[in-house]
Each structure stands twice: as structure tokens, then as C-alpha cells.
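Asker: Sharing a sequence plus its predicted fold:
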Amino acid sequence: MAITVTDTKPVERAEEILTDEALAFVEELHRRFAAERKDRLEARKARRAEAASTGRLDFLPNTAEIRAAQWRVAPAPAALEDRRVEMTGPASPAKMAINALNSGAKVWLADMEDASSPHWANVVDSVLNLRDAALGTLSFTSPEGKEYRLGEDAPLAVVVTRPRGWHMEERHITVDGEPASGALVDFGLHFFHVAKLLIASGRGPYYYLPKMESHLEARLWNEVFVFAQDYLGIPQGTIRATVLIETIPAAFEMDEILYELRDHASGLNAGRWDYLFSIIKFFRDAGEKFTLPDRASVVMTAPFMRAYTELLVQTCHKRGAFAMGGMAAFIPNRKEPEITAAAIEKVRADKTREATDGFDGSWVAHPDLVETCQAVFDQFLGDKPNQVDRQRPEVNVTADQLLDVSSAEGVATEAGLRLNLYVAVAYTAVWLSGNGAVAIHNLMEDAATAEISRSQVWQQIHNKVVLSDTGNTVTRELVSTLLAEETERLRGEVDPGQFSAYYEPASRLIADICLSEDYTDFLTTPAYELVG
């Protein structure tokens, strides 16, 4: 084979996943789709440059017929009709996977993307855990002797796996000397080993598709699905995919994305944190009107965010697809009841807004929040599995409303700048150590929130933003000073060995990408070069 694996034993039992047959499938995926993937990534650059120069995006004129036509996606399989609460989290380690499956949530988003650091061991272990879960054999015994097993007294969550986005590469697998696509490696290994097991139980295979920027990228995924089903002799339309609308260009192509995937589509998700990141990234140099206040000030009731979620619900229900709510970052702290109570109230308010707007379900990042989300949607849905029948004909969202970033209330402050730098370094350090999701100040941070943080810093430097609490202008010199201070703060909060191994390189990386004249499209791309 022309496919090469640089490390065939990243975890115990890796040989069960990295089989010749599975790798042959990944190789074939690469040969058929790698070139088109590269073309789609290049197309992103041209569209971004045009939008930045004009300060505009709009609905596509050449797809107006699709938006106007009457069509619906394929009917939902029974296992996905009720998605009122979805637990999110990485598929590795096994303990977290078991806790998610046993959480009481209707669905588990098994994340191989933003909540997972792409260490090769994590990638292979994730697929191994998902296969064991499909077999019903997944278990784990802690060093202290505590056993974790799949529950038998209540239904397990239905698994929806999220592979990496189109932009990520997997350097541990090469085809003809080129790194393979992370998306195709994740999908390929999972689909090859798990698809038929899930079909036998009537629970899959189902996927979440992240980071797309156009319907042509959705078309590429559809072509991958068609080929993969033929390759394994699986009936066409067996796969179901939910697309995260987490980039600003994708918000203008929701109908078209569903249309391209219509035989495999299940719904759309309001990936709110990556969506904010995408707005900053896309319009980072398009002028002051696209600069946001402190990240904590940008709430889902801001007019431009309301426009985004209202359009998503209307589009999904018009097409017979599910509208899935996003992640409230607040998480409980079992050691501090007051913090837990506050987190639950904030999550309840967030989920009530989503259910009121017509969403069919929503995400939580912690098992202790499943009951809160479930109770909210139970109140709105009753015995119905979803509210796709709410068509929202009164919604009429314009391009101007989606781009009305300046309507967000709040100001930019030095406190917010410091927090951005602190979170960017702290998260990147944990990511480098192999963990993709971490609680920071009682908020669940993943790659999306770190991306917002460092992107906002770059944008504030570029636009010479004046901070309201100090009157200082954001400059490279100011950012360098504050970054050094926040890094020292972290030095006092973590183990010295951890600090030198992960926090110091993370701080250097954040300095490089925040202070550079050129913007780095994804934090995780240069960070991946630092992963052992």
C-alpha cells in the first residue's frame, strides 16, 4: 500500500483499529477526495478576501431556485427523532465515553474535533472506544479500582460522532507522502469498524460535520458518504449527518447545505462559539464595525445572533430537519453549591430561549446539566419527540441583520483582553498536553472559545481598539506586556513541570499568532506542530 502509518501502536489494542483493511479504505478515501478537499480550502481564501474588502456577504444568487423550491430532507430514523438533550464530549478516555453514554441524554456527540486534542493516541483510542461501545463491551477500571461500565437500567445515549474539519491534517497517516485529511481518517476508521454494528442495533451510523463554509464542502461530504456506503455494501441513505452552522459564510447557505446532503441530512446545529470566531476571522480587517466587545458581553440575544438562530430554526423546519441548539458554557462545580446553582439557572434560561424559539433540542457539556436541559424541553415538547412542525413563517432574516455585528451591546476592556490572553494560553497548554476540553473559571472552554480569544486580540491590535476601562489603545506592546503578566499568573497556578512542558510553549505560540502581521486561520494548525 502507498499508505504509511508512522506509529502503529499509540495505544493498547491499536492493531484492532489500524488493520490493513481499514487503512486500505482510508487510502481510497484519500485518493478519491483529497484533491477536491484542497480545492475547497483554497476557495475559502478567495471568498474571505472578497468579503473583507467589501464588508459584505450575501445569499447566493445562483442558488436562489434551491431556496425557493419545495423539498425536504430524508425522513429521520427512529433513533434520531427525539434529540431534546445532547451530551457533548470526547470519545477518549473510556471513562468519559462511558459517563456520556450513561448520562441520560438522548444523544451523545462523541467529539473527535474541538473537545479532543488530536494526539494520535486520542484519535485511535476514540475509534476503539466507539467500536467497543457499539459492541456493548466498553468498560474501564481506574487506578483506584473503581469500575465504569455501560448502564443496563436505562437507554444509552445514541452516538453521533464528530470527525475533524476539512482543514485539519493527520500527520501520522500519509498517502503517497502527503499527510492524510484528519476528517477522512476520523470518518474512515470509524465508519469502517463501527457502521455495520450501529446498523444492526438501529442506531447509526450518524455524524456531526464541523467547520464547513459552503454548500460545495457539504457536497464533498455527500460524495464521501455515497462512496463509503457502496464500499461496505450498505444501503444508500443509511448515514445521517447534522451540520454545524458555525461559520458566517455557512449561515448564508443553510438551505443549500441541507440540499446537498438531503439524502443523508438530519439537521443543523447552532455552533455559537465557532460562529463568533468565524465572524471575527472573516471580517478581522474589514473595519471597526466588525469589532466585538468583550467576549463575555456577546450574548445570544444580540440582534445579529438572534438573526442567525431564527434563520436556522426556520430553514431546518421548512426542510423537515432538526434544529439543534448550541452550548451554554456554564458548568457546575460539585465542590461549590452556589456556583452550581448559578450555572444551572443560566443554562435553564439559555435552553428555555432555544425551546421557545423552536429548537428541537440542545447541547450540554456536563452530565449534571442533562436533567436541566431535559426538563426545559419536556415542558415545551410534552409527548412530542420534536417541534419540526413549527414552521416559523414570520421569520424574515436579511443579510444586513446577519452582519449587524455593531448591534452587540458592551465594550472592550483591558479586563476582557487579559481574560482572552489567559484563556488562550491556558487552553492551548491543556490541548498540547492531550486534553481538548477544560473547565476554566467554571466555564467549559474548548478550541472554539480559545479561537475567539486569540482572534479578538489580533483584531483589536489591527483596529487599534481603545479600551474603555483604561483608555489605552491595544497595541502589540500592550499585548506583549499583558500576555507576560497573565503567563506569570498561570505559572503560580500550575505544577512547575506542567508549566515548562506546556504553558511556556503555549504562551510563545499565542504571542506569535496574536502579534503577527498575518492572521493564522486556525490556532490548532500551528499548535499541532508542537504536539509530540
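Answerer: Alright, I've got the coordinates.
Asker: so where's the longest helix in this structure?
Answerer: Scanning the chain for the helix with the most residues, using DSSP state H, yields helix 20-54.
Asker: State the mean pLDDT of the very next helix or strand once past that helix.
Answerer: In the C-terminal direction, the helix or strand that comes right after helix 20-54 (DSSP states H and E) is helix 64-68. Per-region confidence: helix 64-68 scores 98 on mean pLDDT.
Asker: Name the residues of helix 64-68 that come out as buried.
Answerer: Of the residues in helix 64-68, Ile66 count as buried by neighbour count, 16 or more other C-beta atoms under 10 Å. In this view, the C-beta of every residue, glycine as well, is placed from N, C-alpha and C.
Asker: Okay, now the unreliable bits of the chain?
Answerer: Counting by pLDDT under 70, the ranges of the chain that qualify are 1, 532.
Asker: Give the residue farthest from the middle of it.
Answerer: Largest separation from the mean C-alpha position in the chain: Gly471, at 35.4 Å (C-alpha atoms, centre = their mean).
Asker: check contacts around the nearest residue to Pro163 once chain neighbours are set aside.
Answerer: Spatially, and ignoring its direct neighbours in sequence, Pro163 is nearest to Asp186 (3.4 Å; C-beta to C-beta, 6 or more residues apart in numbering). The neighbours of Asp186, taking C-beta atoms under 8 Å, 6 or more residues apart in numbering as the test, are 112, 123, 126-127, 161, 163-164, 170.
Asker: cool, Leu220 as well?
Answerer: With C-beta under 8 Å, 6+ apart as the criterion, the residues that contact Leu220 are 33, 36-37, 40, 166.
Asker: repeat that with 10 Å
Answerer: The neighbours of Leu220, taking C-beta atoms under 10 Å, 6 or more residues apart in numbering as the test, are 33, 36-37, 39-40, 166, 183, 212, 214, 260.
Asker: again, but for Asp176
Answerer: Residues in contact with Asp176 (C-beta under 10 Å, 6+ apart) are 2-4, 27, 30-31, 34.
Asker: okay, the contacts of Asp186 in a markdown table with neighbour count next?
Answerer: Output for the contacts of Asp186, formatted as a markdown table (neighbours: other C-beta atoms under 10 Å):
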| residue | neighbour count |
| --- | --- |
| Met112 | 29 |
| Val123 | 27 |
| Ser126 | 28 |
| Val127 | 29 |
| Thr161 | 25 |
| Pro163 | 28 |
| Arg164 | 25 |
| Glu170 | 22 |
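Asker: Just the closest of these to Ser500, please.
Answerer: The closest of the contacts of Asp186 to Ser500 turns out to be Val123 (C-beta to C-beta; 26.2 Å).
Asker: before we move on, which element is the closest one in?
Answerer: Short version, using DSSP H and E: Val123 is in helix 120-135.
Asker: Repeat that for Ala115.
Answerer: Going by DSSP H and E, Ala115 is not part of any helix or strand.
Asker: quick one, phi psi at the nearest residue to Ala321 once chain neighbours are set aside?
Answerer: What sits nearest to Ala321 in space, not counting adjacent residues and going by C-beta to C-beta, 6+ apart, is Gly267, at 4.4 Å. Gly267 adopts backbone torsions of phi 170, psi -170, taken as degrees, to the nearest 10.
Asker: residues in contact with Gly267?
Answerer: 73, 76, 80, 83, 208, 240-243, 258, 312, 316-317, 319-324, 359-361, 386, 388.
Asker: Next: Pro118.
Answerer: 112, 126, 164, 168-172, 182, 185-186, 431, 434, 436, 524, 527-528, 531.
Asker: Any of the residues you listed buried? List them.
Answerer: Among the contacts of Pro118, the ones that count as buried by 16+ other C-beta under 10 Å are 112, 126, 164, 168-170, 172, 182, 185-186, 431, 434, 436, 524, 527-528, 531.
Asker: about what we covered before: which parts of the next helix or strand after the helix holding Val123 are buried?
Answerer: The element immediately downstream of helix 120-135 (helix or strand, assigned by DSSP H and E) is strand 139-141. Of the residues in strand 139-141, those with enough neighbours to count as buried (16+ other C-beta under 10 Å) are Phe140.
Asker: repeat for stretch 370-379
Answerer: Taking 16+ other C-beta under 10 Å as the neighbour-count basis, stretch 370-379 is seen to contain the buried residues 370, 372-374, 376-377.
Asker: about what we covered before: return the member of the contacts of Asp176 nearest to Ile248.
Answerer: Ranking the contacts of Asp176 by separation from Ile248, with C-beta to C-beta as the measure, puts Ala34 on top at 26.3 Å.
Asker: show me what contacts that closest one?
Answerer: 175-176, 178-181, 184.
Asker: Reformat the residues you listed into a markdown table and put secondary structure and distance to Ser507 next to each item.
Answerer: A markdown table is the format used below for the contacts of Ala34 (DSSP: H, G, I helix; E, B strand; the rest coil; distance: C-beta to C-beta, whole Å):
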| residue | secondary structure | distance to Ser507 |
| --- | --- | --- |
| Val175 | strand | 35 |
| Asp176 | coil | 37 |
| Glu178 | strand | 32 |
| Pro179 | strand | 27 |
| Ala180 | strand | 31 |
| Ser181 | strand | 30 |
| Leu184 | helix | 33 |
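Asker: For the residue sitting nearest the centre point of the chain, list the residues it contacts.
Answerer: Centrality entry for the chain: nearest residue to the mean C-alpha point is Asp114, 5.0 Å, by C-alpha atoms, centre = their mean. Listed by C-beta under 10 Å, 6+ apart, the contact set of Asp114 reads 88, 90, 162, 164-165, 210-211, 244, 246, 271, 273-274, 327, 431, 436-437, 446-451, 524.
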